[in-house]
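**Student:** only the shape, not the letters, is given here:
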Ligand code: COA
Ligand code: AMP
């Protein structure tokens, strides 16, 4: 039944060089590679060594030169500002080429880093592609992060220039970015030479003479600038993601492997043809945005939708259907939480009836496991395949999916289907031995990872080894646990580390704990992710106060919540905390976060044999109950 898929999959694993080499031929190379797969520095593998190409050329100029300059490249649909804008490939090429000139005038050279801190406007894509055009390495920072997080990224990647907008717009409030940016630069050890600011009508940013440059003025003064051939191994971007500590990991994506893999996925996973409209309802600040709002759809000559709004409230739960109908979207990609939000407000799907969404062929979901209720609701209402697919910032594209462009396989609820061609997935026990089918273990990918994944972490080659390659030699440790059933279907069950998933956003409980521990009255704390109907999980903090602190607990909790918002940002959605007398620990002093989570989520749990003092769990249970969790 799945003959076609199996044959392609087998070839990708058995003959990776032939497989990816043929695919790479479909793109433009200024210099052909010497080697498709280079294992000379294993376990750090490299793809297309010796090759030279330019990502922006392949994503934009190539299409203009082949006669598609009039095709719409970007549709900006912004219900939050009540505006829409369409940009053709030819217009996009011109804008990028001028902005690349503006970056050059601001001193940006090939290899320099540029931080981009922008909302969902086409200029964010222009800035990213302009960096790619001149071989500068961009690092996009999500708008929902606060100054401190921005400062950490400034110190780590040392940008020559920061590109920002004057504001982002959230329901009910305008988020002025410039004060956040100024504060971040103040906090950071490294200072960029310049900031280029795109002024939006909703808020005009104050400019610092000498340092800050107005986007429009910079573009007016710039010369069109051409694409620079880049080494296949040159970094295209750095995208920071949560690790186990407050120091985020700078995931690097390289040039050659990145374009080959992403281009391939548009047809083979999503089944979208050149010229069709593809919509990833995410944000350019996340990996989904990098891969599927910007690079992959443009590489495949699709029209990409840049949506500035929310699934509900901008203005109603029908906005997704309106966008699909109005722009003839063929494939939609979003996070399950967006569908849970729509379902909550419009369970009967009455808004859907107002729009003609018959052009839609499939819905892809990722960011967290798609719960069966949401999957069922979405497939009943939309009448198209609803495909859960599993991937990570590190991987850049899906590890497991139902590859619609190869052949649609039966959907099993709760499973992102099979490993995609290129991914040799295994389930390993603690000793690194494969488990028997159906048993839960660590999900690990046999090296080499396919092209388009991450060759390294920025400035942290050793950390890359320690975090992903050390535990299971010869494998990449995904950090997820799960099992593979008798049909080969993969089930991703949970993280094996302290990363939690809040509304499809990845957060580190360790990073939140670091902020809470900085409160002068907090002696010790533990943060767990508790189940949430809308967001999947939300963080909850248990705080132990220093002895002698006799202030009002409510005040301390409010201050702690404020601290997390100020240090990490509103995106942490940290709103639940309680003061507890002690934390449950093993006799060796390890905090029993897993047990606390089970109690909070009302899941079955067993008293851990290693617990130091079982009575503490009663105290924790009553604190959790007061917050509406536990029984
Ligand atoms: N800039 C500034 N603040 C932002 C922001 C941004 N770009 N994005 C979110 N925030 C703020 C929100 O305003 C909110 O602030 P509040 O605490 O003052 O209300 C907070 O961060 C939490 O945001 P969010 O988790 O998005 O929750 P929400 O309640 O605003 O919306 C959903 C809930 C489900 C509608 C929303 O999470 C959503 O659309 N999710 C889609 C998920 C997604 O795109 N995932 C990407 C991976 S595919
Ligand atoms: P991020 O790097 O932010 O994309 O988050 C990656 C993590 O999100 C993964 O390691 C998983 O824990 C989780 N995740 C993403 N997609 C899925 C999915 N389809 N099913 C289960 N977990 C998922």
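**Tutor:** All right, it came through fine. None of the values given here were measured: they were computed from a predicted structure. Ligands and ions are numbered 1, 2, ... in the order given.
**Student:** how's the chain carved up into domains?
**Tutor:** Domains of the chain are assigned by automatic domain parsing as 3-309+389-482, 507-626.
**Student:** residues from the stretch 51-200 of the chain in reach of ligand 2?
**Tutor:** Applying C-beta under 6 Å from any ligand atom, we find that the stretch 51-200 of the chain lies next to ligand 2 at no residue. Glycine gets a C-beta too; all of them are placed from N, C-alpha and C.
**Student:** picking up where we left off before, comparing the domains of the chain, which comes out most buried?
**Tutor:** With neighbours defined as mean count of other C-beta atoms under 10 Å, the domains of the chain peak in mean count at domain 3-309+389-482, which reaches a mean of 20.
**Student:** would you format the domains of the chain as TSV with distance to residue 373 and mean pLDDT included?
**Tutor:** Putting the domains of the chain into TSV (distance: least, C-beta to C-beta, whole Å; pLDDT from 0 to 100) gives the following:
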stretch	distance to residue 373	mean pLDDT
domain 3-309+389-482	9	97
domain 507-626	10	94
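**Student:** dump these to CSV, plus distance to residue 350.
**Tutor:** Listed next are those as CSV, based on distance: least, C-beta to C-beta, whole Å:
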stretch, distance to residue 350
domain 3-309+389-482, 19
domain 507-626, 20
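**Student:** export those domains to CSV and tack on distance to ligand 1?
**Tutor:** Formatted as CSV, the domains of the chain follow (distance: least, C-beta to the nearest ligand atom, whole Å):
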stretch, distance to ligand 1
domain 3-309+389-482, 3
domain 507-626, 3
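**Student:** for the stretch 251-400 of the chain, what spans make up the strands?
**Tutor:** 277-280, 303-307, 329-334, 362-365, 386-388, 400-401 (DSSP state E, counting those that start in this stretch).
**Student:** strands paired with the longest one, and their directions?
**Tutor:** If I follow you right, that is strand 329-334. Using DSSP bridges, the strands paired with strand 329-334 are strand 277-280 (parallel), strand 362-365 (parallel).
**Student:** let me see the contact set for the residue in the stretch 451-600 of the chain that ligand 2 sits nearest to.
**Tutor:** At 3.2 Å from ligand 2, residue 506 is the closest residue in the stretch 451-600 of the chain, using C-beta to the nearest ligand atom. Going by C-beta atoms under 8 Å, 6 or more residues apart in numbering, residue 506 touches 241-242, 393, 499-500.
**Student:** my read is it is in a strand, agree?
**Tutor:** Yes - according to DSSP: H, G, I helix; E, B strand; the rest coil, residue 506 belongs to a strand.
**Student:** so it bridges to which residues?
**Tutor:** Here residue 506 sits in beta bridges with residue 501, going by DSSP bridges.
**Student:** can you offset everything so residue one is 10?
**Tutor:** New numbering, starting at 10: the last item is residue 515.
**Student:** okay, and residue 37 sits in which element?
**Tutor:** Following DSSP states H and E, there is no helix or strand that holds residue 37.
**Student:** show me where the stretch 460-609 of the chain has strands.
**Tutor:** Counting by DSSP E, counting those that start in this stretch, the strands of the stretch 460-609 of the chain are 484-493, 499-504, 508-511, 514-517, 531-541, 545-554, 585-588.
**Student:** and the longest helix along the chain, what does it pack against?
**Tutor:** The helix spanning the most residues in the chain, taking DSSP state H as the definition, is helix 98-114. Packing partners of helix 98-114 (3 or more C-beta pairs under 8 Å, 6 or more residues apart in numbering; DSSP states H and E): strand 81-87, helix 131-143, helix 224-229.
**Student:** can you name the next helix or strand after it?
**Tutor:** Next helix or strand after helix 98-114 toward the C-terminus (DSSP H and E): strand 122-126.
**Student:** neighbouring strands of that next one in the sheet, and parallel or not?
**Tutor:** Taking DSSP bridges as the criterion, strand 122-126 sits next to strand 146-149 (parallel), strand 170-174 (parallel) in its sheet.
**Student:** to residue 394, which of these lies closest?
**Tutor:** Across the strands paired with strand 122-126, the minimum distance to residue 394, taken as C-beta to C-beta, is reached by strand 146-149, at 30.4 Å.
**Student:** contacting residues around that closest one?
**Tutor:** With C-beta under 8 Å, 6+ apart as the criterion, strand 146-149 contacts 120-127, 133, 136-137, 140-141, 162, 166, 168, 244-249, 259, 293-294, 298-299.
**Student:** try it again at 7 Å.
**Tutor:** Outside strand 146-149, the residues within contact range by C-beta atoms under 7 Å, 6 or more residues apart in numbering are 120, 122-125, 137, 140, 162, 166, 168, 244, 246-249, 293-294, 299.
**Student:** tabulate the strands of the stretch 260-409 of the chain (CSV), appending distance to residue 199.
**Tutor:** Formatted as CSV, the strands of the stretch 260-409 of the chain follow (distance: least, C-beta to C-beta, whole Å):
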stretch, distance to residue 199
strand 286-289, 32
strand 312-316, 30
strand 338-343, 35
strand 371-374, 38
strand 395-397, 40
strand 409-410, 39
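**Student:** tell me which of the ones you listed lies nearest to residue 530.
**Tutor:** Distance to residue 530, taken as C-beta to C-beta, is lowest for strand 338-343 among these, at 40.5 Å.
**Student:** now that closest one against strand 312-316, angle please.
**Tutor:** Going by axes from the mean of the first three to the mean of the last three C-alpha atoms, to 10 degrees, strand 338-343 is angled at 50 degrees with respect to strand 312-316.
**Student:** what's the angle from strand 338-343 to strand 81-87?
**Tutor:** Using the same axes, to 10 degrees: strand 338-343 against strand 81-87 is 60 degrees.
**Student:** and strand 338-343, is it in reach of ligand 2?
**Tutor:** No - using C-beta under 6 Å from any ligand atom, strand 338-343 stays clear of ligand 2, with a minimum separation of 11.4 Å.
**Student:** list the buried ones in that strand?
**Tutor:** 338-343 (16 or more other C-beta atoms under 10 Å).
**Student:** which of these lies closest to residue 189?
**Tutor:** Nearest to residue 189 among those: residue 343, at 26.3 Å, using C-beta to C-beta.
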